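**Student:** Take a look and give me a structure for this.
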Amino acid sequence: MIRAETVTVYHGGGRRWLTLKAAARREAAAAVRKRYPCQCERAEYDFGGAMVYPGLSCIHHSGDARFDKMVRRMARLHVAAFRATTQTESEKP
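**Tutor:** Below you'll find the predicted structure:
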């Protein structure tokens, strides 16, 4: 049987998410990437296919713990801001 249900959906980072935590994490990652854009350098190869320069990875792609820490902190702030705005809106007469 097909039926329609109404669920709460959160928008964040250009997508819709079913949990507030996921939306806040995506929005935080987008904010950090906007502030610190990708600075990866591509690897360089010679004509024979041998790697001449391996290239460098930025904080987004190297698995750096600083990026994860920034995203976690920003996500926590996004969740707190969302809850503060929804509480004040629900308290209005």
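
**Student:** Please pull out the lowest mean pLDDT helix or strand from the chain.
**Tutor:** strand 51-53 (a mean of 68; mean pLDDT, DSSP states H and E).

**Student:** measure Arg26 to Thr19 for me?
**Tutor:** Distance of Arg26 to Thr19, given as CB to CB, to the nearest Å: 11 Å. Heads up, the C-betas are built off the backbone N, CA and C, glycines and all.

**Student:** Between those two, point out the one with more neighbours.
**Tutor:** Taking other CB atoms under 10 Å, Arg26 and Thr19 do not tie; Arg26 has more neighbours (20 against 11).

**Student:** Could you pull out the buried residues of the longest helix seen in the chain?
**Tutor:** When the chain is parsed with DSSP state H, its longest helix is helix 65-91. For helix 65-91, the neighbour count (16 or more other CB atoms under 10 Å) marks Phe67, Met70, Val71, Met74, Ala75, His78, Val79, Phe82 as buried.
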